[in-house]
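S.K.: got a predicted structure plus its sequence, pasted below:
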Amino acid sequence: MELRRPILADKETVLEMMAEFEQAQSPHDGGFWDTENFSYEEWLDSNQDKEMGINLPENRVPSIQFVLFDDVGRALGFLNLRLSLNDKLFVEGGHIGYSIRPSQRGKGYGKEQLRLGLAEARKQGLERVLITCDEDNEASRRTILSAGGVYENTIDRSQRYWIDLE
């Protein structure tokens, strides 16, 4: 498994994964795109801008877009690492949003993706991260707990967990 920033060479497999999320009408937490007039190349540029804090939409923070790939280069999931929190992310969203493509769920990929995402958060100098999940999302809750998440509270159906990275 490899968690890394997507590049142009990943276009086919990432587009295939995006299409799977769309076809299944599944939430794609940690993966953000505009389905109308989508351009993969513009999405890559936008990801770079977001990482550098350039042209951020209102109420957004700098973030790094990652994709999880298997050993043969197939895209398995999205992970978005937010480098800071604003008021909205403090309640819902947290530092890390992630999802695994629908056909690959239940295989432990989410746990590995989160483990790798936490390592990236450490590299970015974060000492503690907030991760949230909907109170009905048992799979995400188990994934967060397996990574050392400590439950703090629930606000508007959003369960909030902290993970110390030191």
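M.R.: Looks like it arrived, so ask away.
S.K.: confidence-wise, which helix or strand of this structure is lowest on average?
M.R.: Ranking every helix and strand in the chain by mean pLDDT, DSSP states H and E puts helix 87-91 at the bottom, with a mean of 91.
S.K.: give me the buried positions along that one.
M.R.: Buried residues in helix 87-91, counted by 16 or more other CB atoms under 10 Å: residue 89. C-beta here means a position set from N, CA and C on the backbone, and glycine is covered the same way.
S.K.: what's it packed up against?
M.R.: Using 3 or more CB pairs under 8 Å, 6 or more residues apart in numbering; DSSP states H and E, the elements in contact with helix 87-91 are strand 128-134.
S.K.: now do the strand it packs on: everything it contacts.
M.R.: With CB atoms under 8 Å, 6 or more residues apart in numbering as the test, strand 128-134 has contacts from 85, 89-96, 114, 118, 121, 140-141, 144, 147, 149, 157-166.
S.K.: likewise for stretch 83-96?
M.R.: Contacts of stretch 83-96 (CB under 8 Å, 6+ apart): 30, 59-64, 79-82, 114, 117-118, 121, 124, 126, 129-132, 155-156, 158, 160-161.
S.K.: this protein: helices as residue ranges?
M.R.: 11-23, 40-52, 87-91, 109-123, 138-146 (DSSP state H).
S.K.: to residue 3, which of these lies closest?
M.R.: In terms of CB to CB, the element of the helices of the chain nearest to residue 3 is helix 109-123, at 3.8 Å.
S.K.: sorry, back to before: tell me which of the helices of the chain is the most buried.
M.R.: Neighbour counts (mean count of other CB atoms under 10 Å) averaged over each of those peak at helix 109-123, with a mean of 19.
S.K.: same question for it, mean pLDDT?
M.R.: Helix 109-123 carries an average pLDDT of 97.
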